[in-house]
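Visitor: Structure for the following, please:
(one chain, ligands or ions: 1)
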Amino acid sequence: MTAERSAGPMKWYGWGDPERRLSLGDGAIAMLHAEVGEGHPDGRAPLESVVVPPPRPLPPALAETVGPAAVLTGHEHRVRRAAGRGYPDLVRLRSGRLDDAPDAVVLPGNPAEVARVLEICGREGIAVVPFGGGTSVVGGVEPLRGKFERLITLDLRRLHETRVDRTSLTATLGPGLRGPEAEEALAAHGVTLGHFPQSFEYATIGGFAAARSAGQASSGYGRFDELVTALDLVSPAGELSTLETPHTAAGPALRELVLGSEGTLGVITQVTARVRPVPKRRRYAAWMASNLASGAFVVRALAQSDALPDVVRLSDEAETRVALGMSGTGGGKRALTGAYLRLRRRDHGCILVCGWEGEAEAVERRHAIAARILRSGGAAGLGSAPGRAWERSRYEGPYLRDELLDLGYMVETLETAHSWSRLEELHDEVRAAIGAALATQGTPGIVTCHLSHAYPDGASLYFTFIAPRRPGSELEQWRTVKTAASDAIVEAGGTITHHHGVGRDHARYMRAEIGELGIETLRAVKDRLDPAGIMNPGKLLP
Ligand SMILES: Cc1cc2nc3c(=O)[nH]c(=O)nc-3n(C[C@H](O)[C@H](O)[C@H](O)COP(=O)(O)OP(=O)(O)OC[C@H]3O[C@@H](n4cnc5c(N)ncnc54)[C@H](O)[C@@H]3O)c2cc1C
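Guide: I've put the predicted structure just below:
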């Protein structure tokens, strides 16, 4: 599985291993042409020709602290840390012109060096952007200078220690470990975090904690913030450490304050998280619900009967149709599935992928209980093949996004969450807002959604939209749709983000999310930990 190996540097203008290319089949391209028209392919600039402003000189004390080899000022290093991996990031990278890039990339080798770097930057007035895998899709690693003239990116890859406490089933991990590196080290002790976001190949432990990431199996293993039991934060004002105990009633949890702080309070230099034995058995299966309402009903029934599978992902009608249309499944097999679904009157339904992981006996028992609830909720079993196919291809989406960009399409995702009683309304309103915003720009598109990360009281919704790009106005096109979707989310009372975080793109919605006093409270904490305001300016707070 791709995810199990440690990847090298990411494609500088897109996602993933530069050697790995995935192509859409002819059927998928024909479907795109039929539904949204042809794209407008762009000519991507080569890396060497990407224009970035020249770097400002930095104090020699930085190189004296981390060593000269750990201060990178070369063009490629600066370009590679100048953007995350959302659609607007990719548009800017591919355009060959970046408004800004860090003046240097600094790689501290231990928490003491982090502390010293922050001290120098605070004194000298240099903005600092903590950088894990750079996979933020909300502008979290954008080099925004705020009031400062100089800016460094603090790449944390050299902080990669691993310590496993097999008795307590916890692991203490360096923030710079990428997903596969962490899992490889944990596997040597027979344990796993069970945290597998789609960005797993490149995202890091520090980024998971700083942006409150949720993996694809979060319904079973828990979101990353739920796994964390303790962490260390090096802030410009000093070090904040939380105690490594399973729980404490000693006041509000400082751990919670650091989780989701997105580099605005300091640098997370160590994370202790709960781990589990590597599962002996994995069982994946797919089901078909007749529509989104009945699918959501059955996922809610699972969640409220304490019978949730570890992975639950319910596609809406549009996502199901597009997934079937774009899948590599050969004609014969697809026709067979189609005939079966028609027979069961589910040919326009919603696919539900479920996965169970753990001890063989527990997996079978949990599967049997869930299958009973699924059947009584009207879902039709499609067997294990489509479930396994989803498991095999779970990290392929971002590679296909590159292919779509090459073909001249805009592809973007956004997510939210709400309680069950408001979830369908949220789905319909956000979907309609995205569709209308695309149409008003003369680029009607495909809008799909899936429900995942289920809880007894609600679930997350994850939208994807695809439309031909508007050459020369890509960012304006994206902004119009993103604003319409975000406004619809706020209007419907959903959260502006369930797991992508706030970054730059969602900062202006934080007032709606936590209110003015909430903003002032977070600002007061920031003022105490980061008095000069050097940490990740322009992110999280409006
Ligand atoms: C293709 C794709 C798929 C994705 N799928 C998912 C998914 O399934 N689930 C999900 O939750 N997210 C997903 N994301 C979003 C992203 O991967 C997550 O937010 C992830 O947690 C970011 O990790 P990172 O190491 O890349 O962090 P970065 O992008 O490097 O940083 C994210 C934020 O955290 C800060 N930060 C990073 N490290 C530290 C640190 N040590 N201390 C303090 N601040 C720090 C940064 O300054 C920034 O504000 C996806 C992104 C992409 C591009």
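Visitor: tell me, how many neighbours does residue 97 end up with?
Guide: 12 (other Cβ atoms under 10 Å). For glycine as for every other residue, the C-beta is placed from the backbone atoms N, C-alpha and C.
Visitor: Quick check: it touching residue 50?
Guide: Yes. Assessed by Cβ atoms under 8 Å, residue 97 is found in contact with residue 50 at 7.2 Å.
Visitor: Can you list the low-confidence ranges for the stretch 101-250 of the chain?
Guide: Residue ranges of the stretch 101-250 of the chain with pLDDT under 70: none are present.
Visitor: hang on, the earlier thing: name the residues contacting each of residue 97 and residue 50.
Guide: Shared contacts of residue 97 and residue 50 (Cβ atoms under 8 Å, 6 or more residues apart in numbering): none.
Visitor: Report the central residue of this structure.
Guide: residue 500 (4.9 Å; Cα atoms, centre = their mean).
Visitor: Now do the same contact list for that one.
Guide: Residue 500 neighbours (Cβ under 8 Å, 6+ apart): 136-138, 211, 414-415, 506.
Visitor: what subset of those is also close to the ligand?
Guide: Among the contacts of residue 500, the residues within reach of the ligand (Cβ under 6 Å from any ligand atom) are 136-137, 211.
Visitor: Get me the contact residues on the stretch 301-450 of the chain for the ligand.
Guide: Checking the stretch 301-450 of the chain against the ligand by Cβ under 6 Å from any ligand atom, the hits are residue 398.
Visitor: returning to what we had before: can you list which of the ones next to the ligand among the contacts of residue 500 are found in helices?
Guide: Using DSSP state H to define helices, no part of those is located there.
Visitor: What is the nearest of those residues to residue 317?
Guide: Distance to residue 317 across those (Cβ to Cβ) is lowest for residue 137, with 25.0 Å.
Visitor: Assign residue 531 to helix, strand or coil.
Guide: Secondary structure, DSSP: H, G, I helix; E, B strand; the rest coil: residue 531 is coil.
Visitor: nearest to residue 315, of the contacts of residue 500?
Guide: Nearest member of the contacts of residue 500 to residue 315, counting by Cβ to Cβ, is residue 415, at 14.1 Å.
Visitor: Quick check: can you name the pairing partners of the helix or strand hosting that closest one and their directions?
Guide: In this assignment (DSSP states H and E), residue 415 forms part of strand 409-419. Strand 409-419 pairs in its sheet with strand 458-468 (antiparallel), by DSSP bridges.
Visitor: Convert the C-alpha atoms of the partner strand to PDB, please.
Guide: Extracted C-alpha coordinates of strand 458-468, given in PDB (Å, rounded to 0.1, in the frame of the first residue of the first chain):
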ATOM      1  CA  GLY A 458     -24.300  14.400  14.300                       C
ATOM      2  CA  ALA A 459     -21.700  14.000  11.600                       C
ATOM      3  CA  SER A 460     -19.400  15.800   9.200                       C
ATOM      4  CA  LEU A 461     -20.200  16.700   5.600                       C
ATOM      5  CA  TYR A 462     -17.400  16.900   3.000                       C
ATOM      6  CA  PHE A 463     -18.100  18.600  -0.300                       C
ATOM      7  CA  THR A 464     -16.200  18.400  -3.600                       C
ATOM      8  CA  PHE A 465     -16.800  20.600  -6.600                       C
ATOM      9  CA  ILE A 466     -15.400  20.400 -10.100                       C
ATOM     10  CA  ALA A 467     -15.900  22.900 -13.000                       C
ATOM     11  CA  PRO A 468     -13.900  24.100 -15.900                       C
END
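Visitor: is that strand anywhere near the ligand?
Guide: No. Strand 458-468 does not reach the ligand (Cβ under 6 Å from any ligand atom); its nearest approach is 8.5 Å.
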